[in-house]
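1. fold the following, please.
(one chain, ligands or ions: 1)
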Amino acid sequence: MTEITRQHCKDLDAQDPLAAMRDAFHLPEGVIYLDGNSLGAQPKGARAAFDRTIDVEWREDLITSWGKAEWFTLPERLGDRLGRLFGAAPGQVVVCDTTSLNIYKALRAAMGLRPERRVIVSEKASFPTDLYMIEGATMGSDYETRLVEPEGDIADLIDADVAAVLLSNVDYRTGRLLDMERITRLAHEAGALVIWDLCHSAGVLPMEMDAMGADFAVGCTYKYLNGGPGSPAFIYVAERHQAEARQPLSGWWGHAAPFAFEAEFRPVEGIRRFLCGTQPILSMKGVEAALDVFEGIDMQTVRAKSVALCDLFIRLVARHPGCADLRLITPEAAEERGSQVSFAFDEGYAVVRAMIERGVIGDFRAPNVMRFGLAPYYLRYEDMFDAVEIMAECIAARPWEDSRFAQMAAVT
Ligand SMILES: *Cc1c(COP(=O)(O)O)cnc(C)c1O
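-> Numbers count the residues shown, from 1 in each chain. Predicted coordinates:
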């Protein structure tokens, strides 16, 4: 095996077509940020967007900004721009609420479109909020939830009783990427609808939601999309479902005539019926600034760099004697993974904490997963090299014997 040198990594950076994108972000000095899948880095344009909103739109123009600054249409304007990143034509995406809420809306809408069916399919290893929201959406009814085991095949669970299938295309722990087209086709052949949770793929994986005939999708904007802490989520509803689809959070923003103040709910035509109430305008401005960074960026180029960064990271760890005890749990084949690399290691929590002290920020997911989300917009190949060197030094220092790392922090 040839050795991978730091110089080799720097050479790759010199040829990187996305290298300039890094300049669009604030990155703290001395930090290698491998947690873009939890909270993306701050786009430099964010401050100006917030300042304009606070200093002019809110302070000077006050209530008139709902129209003048087009606050009222932000959900669909941002939704249209976001949709381009995953192959959704305009008019099918709104930016609003949280992913958890949007899962609830999509689930109940899908259940309503398949009223004779009583089964929801998801996966046992799902990000828990998705399963919690299934519980809430089926509360007090006779729905059955079928969960596929980590090694199981979803195809075995889909039959003519299934109303909806709710899946994350990229697993938040392992980074495994599902075959979205195959699963969408299988579900449709059985007459079921699919809700894709794109939290770990939106902004980093090219997808063709319209072309694959997707039904619903949801996701957050604060991970790979870099919208800022708690920035609102999104929901995609294929145009062909919009006229029939009804969601239960029937607030006035989804009304056909919100300012007529009618006593009864009448859903507006189109994707806006998936809104509930007044949206957090300041937070939405973070999403707007984040989407500016993606203007003119080709998602295939993003994917190519994401694959190359992950490949490099995996190879660097595999050949480093100091990392011999880590077990790769992310699929090695690029087409089977998202933009993260995860390792199982029983002392992983202490190692991740020690790495953070050294400026390499990854995260830990119980019970033993060290997780590194590699955002191709602001990471360099050189960073992969340095991160693995520091990781090996941290492991060698046996941080799990250090009492400072014995206690798990509230947020990992
Ligand atoms: C991050 C994440 C969420 C987050 O849900 P919120 O309601 O925004 O807190 C939901 N689902 C998945 C798969 C996630 O990765």
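2. who touches stretch 66-77?
-> 53, 57, 61, 65, 91, 93-96, 253, 271-272, 275, 279, 281, 284, 288 (Cβ atoms under 8 Å, 6 or more residues apart in numbering). To be clear about C-beta, it is placed using only N, CA and C from the backbone, and glycine gets the same treatment.
3. actually, stretch 37-47.
-> 23-27, 33, 172, 200, 222-229, 285-286, 289-290, 292-293, 339-340, 363, 371, 373, 375, 378.
4. re earlier: ChimeraX command to pick out the buried ones of the contacts of stretch 66-77?
-> Here is the ChimeraX command that selects the buried residues among these (16 or more other Cβ atoms under 10 Å):
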select :53,57,65,91,93,94,95,96,253,271,272,275,279,281,284,288
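5. circling back: are any of the contacts of stretch 37-47 buried, and which?
-> 24-25, 27, 33, 172, 200, 222-228, 285-286, 289-290, 292-293, 339-340, 363, 371, 373, 375, 378.
6. who's in contact with the most centrally placed residue in the chain?
-> Using Cα atoms, centre = their mean, the residue of the chain that lies closest to the mean C-alpha position is C199, 2.1 Å off. Residues in contact with C199 (Cβ under 8 Å, 6+ apart) are 99, 127, 168, 170, 172, 218-220, 223.
7. now those as a markdown table including distance to M111?
-> Formatted as a markdown table, these follow (distance: Cβ to Cβ, whole Å):
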| residue | distance to M111 |
| --- | --- |
| T99 | 18 |
| F127 | 20 |
| S168 | 19 |
| V170 | 25 |
| Y172 | 24 |
| V218 | 15 |
| G219 | 20 |
| C220 | 23 |
| K223 | 27 |
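8. highest neighbour count among these?
-> V218 (31 neighbours; other Cβ atoms under 10 Å).
9. and the contacts of the helix or strand hosting that one?
-> Following DSSP states H and E, one finds V218 within strand 216-219. The contact list for strand 216-219 (Cβ under 8 Å, 6+ apart) reads 86, 88, 99, 102-103, 106, 109-110, 193-199, 201-202, 209, 233-238, 241.
10. name every strand pairing with that strand and say which way it goes.
-> strand 193-197 (parallel), strand 234-237 (antiparallel) (DSSP bridges).
11. out of the ones you listed, which is the most enclosed?
-> strand 234-237 (a mean of 28; mean count of other Cβ atoms under 10 Å).
12. that strand near the ligand at all?
-> No: figure legend: strand 234-237 not in contact with the ligand (Cβ under 6 Å from any ligand atom); closest approach 10.4 Å.
13. likewise for stretch 135-145?
-> No: under the criterion of Cβ under 6 Å from any ligand atom, the ligand is not reached by stretch 135-145; the shortest gap measures 12.2 Å.
14. can you pull the residues of the chain lying near the ligand?
-> Close to the ligand, as judged by Cβ under 6 Å from any ligand atom, the chain has residues 98-100, 127, 129-130, 168, 172, 197, 199-200, 220, 233.
15. contacts for the helix or strand of the chain with the lowest mean pLDDT, please.
-> When the helices and strands of the chain are scored by mean pLDDT, DSSP states H and E, strand 363-365 comes last with a mean of 94. Outside strand 363-365, the residues within contact range by Cβ under 8 Å, 6+ apart are 35, 38, 172-173, 342, 348-349, 352-353, 370-371, 373, 412.
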